[in-house]
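Colleague: Structure for the following, please:
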Amino acid sequence: MLRKLYDWVMTLARSPRATPALAAVSFAESSFFPVPPDVMLAPMVLARPDRAYFYAFVCTAASVVGGMLGYAIGVFLEPIGLFILKLFGHPEGREEFQRWFDQFGLWVILAKGLTPIPYKLVTITAGFARFDVFTFIWASILTRGARFFIVASVLKFAGPAMLAEFERRLTLYSLLLLAVFISGFIALKVFL
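Modeller: Down below sits the predicted model:
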């Protein structure tokens with residue numbers, strides 16, 4: 001099953017629908033979708049290394065716009081924000097949380113934007129905390145851009161060798177990626 005999914009993504013990465021699909025996944029991941037854009041970005045860069053930076057730009061722009069939707073969700077759908085607070089052990093501490101996010105929110109956005117942990121957690125939380133929207137946008141552009149351009153650069157220059165290794169040990173690397181995601185969620189639970 002994993003091989004079929006991988007082959008489907010690689011086929012889509014070479015198709016004319018690849019760029020709109022990349023934009024859609026990047027947008028949705030920043031506000032409500034659980035799959036990171038890397039699953040589209042990586043095979044697209046491997047299929048067309050000459051367009052690596054264009055794809056990174058598409059990912060960045062769509063992710064930031066999607067992040068603004070996530071921010072709006074946090075602002076306008078307060079029960080989601082309250083649920084996130086409860087999930088991380090702060091059921092009654094909205095004011096305390098807002099003070100904490102005012103103090104450390106920029107660092108949370110900058111650190112989180114570079115990781116594969118779902119960015120929607122930060123975007124919705126930033127909206128819920130009413131974090132300064134201008135700071136949120138420029139920090140998102142900086143951190144998401146850095147992440148996607150780094151991924152695109154690495155894959156552009158080291159991609160063919162990495163692809164051969166990844167395809168040979170697809171299950172192992174998929175399990176390791178899953179472990180990274182789970183570790184990220186645990187780290188968020190512990191540190192927030």
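
Colleague: only C-alpha atoms for contact and neighbour calcs from this point on.
Modeller: Noted.

Colleague: how about the helices of this structure, start to end?
Modeller: Using DSSP state H, the helices assigned to the chain run over residues 2-13, 18-29, 38-47, 52-76, 78-87, 94-113, 120-128, 133-168, 170-191.

Colleague: quick one, which of the ones you listed is packed in tightest?
Modeller: With neighbours defined as mean count of other Cα atoms under 10 Å, the helices of the chain peak in mean count at helix 120-128, which reaches a mean of 27.

Colleague: Run the chain-centre distance for that one.
Modeller: 12 Å (Cα atoms, centre = their mean, to the nearest Å).

Colleague: Mind giving me the packing neighbours of it?
Modeller: helix 52-76, helix 78-87, helix 94-113 (3 or more Cα pairs under 8 Å, 6 or more residues apart in numbering; DSSP states H and E).

Colleague: same question for the shortest one, mean pLDDT?
Modeller: Averaged across helix 78-87, pLDDT comes to 70.

Colleague: Out of the helices and strands packed on helix 120-128, which gets nearest to Ala152?
Modeller: With Cα to Cα, the closest approach to Ala152 among the helices and strands packed on helix 120-128 belongs to helix 52-76: 5.3 Å.

Colleague: The closest one: how far from the chain's middle?
Modeller: Using Cα atoms, centre = their mean, the distance from the centre of helix 52-76 to the centre of the chain it belongs to is 9 Å.

Colleague: who's in contact with it?
Modeller: Defining contact as Cα atoms under 8 Å, 6 or more residues apart in numbering, one finds that helix 52-76 is touched by 19, 22-24, 26-32, 37, 41, 44-45, 80-81, 119-120, 123-130, 137, 140-141, 144-145, 148-149, 152-153, 156.

Colleague: quick check: angle from it to helix 18-29?
Modeller: Inter-element angle recorded for helix 52-76 and helix 18-29: 30 degrees (by axes from the mean of the first three to the mean of the last three Cα atoms, to 10 degrees).

Colleague: now helix 52-76 and helix 120-128, what's the angle there?
Modeller: 40 degrees.

Colleague: quick check: angle from helix 52-76 to helix 133-168?
Modeller: 130 degrees.

Colleague: Per-residue pLDDT of Arg144, please?
Modeller: As summarised for this prediction, Arg144 has a pLDDT of 91.

Colleague: So it versus Val65, what's the distance?
Modeller: Taken as Cα to Cα, to the nearest Å, the spacing of Arg144 relative to Val65 amounts to 11 Å.
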